[in-house]
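A.B. asks: Give me the fold of what follows.
(one chain, ligands or ions: 1)
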Amino acid sequence: MSADLILTERRDGYRLVTLNRPDKLNAFNDAMHVALRAALEEAEADQTCRALLLTGAGRGFCAGQDLSDRVLKPGEKPVPRDSLEKHYNPLVRKLRALPFPVVAAVNGVAAGAGCNVALACDIVIAGRSAKFIQSFARIGLIPDSGGTWFLPRLVGEARARGLALLAQDLPAEKAAEWGLIWRCVDDEALMYEAQRICEHFAVAPTQGLALIKRALDASAANTLDAQLDLERDLQRAANLTPDYAEGVRAFMERRRPGFTGRKT
Ligand code: T3D
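C.D. replies: Prediction:
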């Protein structure tokens, strides 16, 4: 049953989505991709959903592509695979484009595309025993799912090259120290801390946060001039949201704001 490959729980203002192939360290097969896409689309369509928490079942976050699908029989010729075009690229694009923040709670090893799917999330928080591995070079592949884009931007060129070419394990604590992820916390505290972040987002000015995601995503390819123009345009859009009006009113009245979120 492909539905079981992804578990979705509706929480107050956000959704918890769990990759659920624990015996394979939540490695992706086609069915899990399809189920995850459906879960993300459902969350997007639900106007009450103001954040998404992505994690893995069992002791791993995600071990990337299920390699048991990739074993060639003796004499069989390798074929080009369409998994990036069909699954991973749309997944990374969807995570970046969701109109609310996506939090990854990395509960264990995140390897290959599993590592880069985590890095595509807006906030990455990891348990101390978790590790990040650009494992592609161990099997003759290149970092995909945005890895070659995220790595140099997050940790700089020297560390990006080391991680991609050496494919060594990067412990969560070092990942946080290097700026690859937002925070490393004790394993026992991981879900509590990740849920606290989502609870914060569940009452935040969601439309404004979606505009922040757009501005930050565009900045890598923009000149300062172009980015200033984009900020002007996005700020005009933010100016028109009820949340901006409420935020200012609440500030002046010295009270907590009651943001409406995605609704206009
Ligand atoms: O072809 C295309 O579509 C191109 C796209 C590629 C995208 C990619 O993601 S390529 C990268 C694929 N992933 C990897 O190369 C990582 C492979 N896994 C590992 O290197 C290790 O499992 C880990 C370092 C992640 C964890 O090591 P460890 O020692 O903690 O666990 P383990 O014993 O290796 O794994 C536990 C089980 O999960 C084991 O099964 P078993 O023996 O208990 O029945 C193992 O085979 C299975 N498993 C882990 N990763 C995968 C996997 N099974 C299939 N595919 C996996 N990727």
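A.B. asks: What residues does this structure have near the ligand?
C.D. replies: 24-25, 27, 63-68, 70, 81, 83, 109, 111-113, 133, 135-136, 139, 141, 144 (C-beta under 6 Å from any ligand atom). Every C-beta, even on glycine, is put in place using the N, C-alpha and C of the backbone.
A.B. asks: And those, which of them are buried?
C.D. replies: Buried members of these, counted by 16 or more other C-beta atoms under 10 Å: 24-25, 27, 63-66, 83, 109, 111-113, 133, 135-136, 141, 144.
A.B. asks: how about residue 52, what does it touch?
C.D. replies: Listed by C-beta atoms under 8 Å, 6 or more residues apart in numbering, the contact set of residue 52 reads 14-15, 17, 40, 43, 98, 100-103, 198.
A.B. asks: repeat that for 7 Å
C.D. replies: Taking C-beta atoms under 7 Å, 6 or more residues apart in numbering, we find residue 52 in contact with 14-15, 17, 43, 98, 100, 102.
A.B. asks: what does residue 92 give?
C.D. replies: Neighbouring residues of residue 92 by C-beta under 7 Å, 6+ apart: 117, 120, 145-146.
A.B. asks: Out of those, list just those in helices.
C.D. replies: residue 117 (DSSP state H).
A.B. asks: related to what we said a few turns ago, check the contacts of residue 52 and tell me the two furthest apart.
C.D. replies: 17 and 100 (12.7 Å; C-beta to C-beta).
A.B. asks: just checking, residue 29 touches residue 65?
C.D. replies: No. Contact criterion C-beta atoms under 7 Å: residue 29 and residue 65 do not qualify, at 8.3 Å.
A.B. asks: Grab the CA positions of the helix or strand containing residue 126 and hand them over as PDB.
C.D. replies: According to DSSP states H and E, residue 126 maps onto strand 123-127. Coordinates of each C-alpha in strand 123-127 appear next as PDB, following Å, rounded to 0.1, in the frame of the first residue of the first chain:
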ATOM      1  CA  ILE A 123      14.700  25.100   8.400                       C
ATOM      2  CA  VAL A 124      16.800  22.000   9.100                       C
ATOM      3  CA  ILE A 125      17.200  20.800  12.600                       C
ATOM      4  CA  ALA A 126      19.000  17.500  13.400                       C
ATOM      5  CA  GLY A 127      19.500  15.200  16.300                       C
END
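A.B. asks: and the residue lying farthest from the centre of the chain, helix, strand or coil?
C.D. replies: Taking C-alpha atoms, centre = their mean, the residue of the chain most remote from its mean C-alpha position is residue 75, at 38.8 Å. For residue 75, the assignment made with DSSP: H, G, I helix; E, B strand; the rest coil gives coil.
A.B. asks: Now do the phi/psi pair for it.
C.D. replies: phi 90, psi -10 (degrees, to the nearest 10).
A.B. asks: in the stretch 51-200 of the chain, which spans are helices?
C.D. replies: 83, 89-97, 113-119, 147-155, 157-166, 172-178, 190-202 (DSSP state H, counting those that start in this stretch).
A.B. asks: Ignoring the adjacent residues along the chain, who's closest to residue 129?
C.D. replies: Leaving aside its sequence neighbours, residue 129 sits nearest to residue 187 (C-beta to C-beta, 6 or more residues apart in numbering; 5.3 Å).
A.B. asks: Can you give me the neighbour number for the one you found?
C.D. replies: 14 (other C-beta atoms under 10 Å).
A.B. asks: Now for it: which residues touch it?
C.D. replies: 127-129.
A.B. asks: Would you mind measuring from the residue sitting nearest the centre point of the chain to residue 150?
C.D. replies: Taking C-alpha atoms, centre = their mean as the criterion, residue 121 is the residue nearest the geometric centre of the chain, at 1.8 Å. According to C-beta to C-beta, to the nearest Å, residue 121 stands 10 Å off from residue 150.
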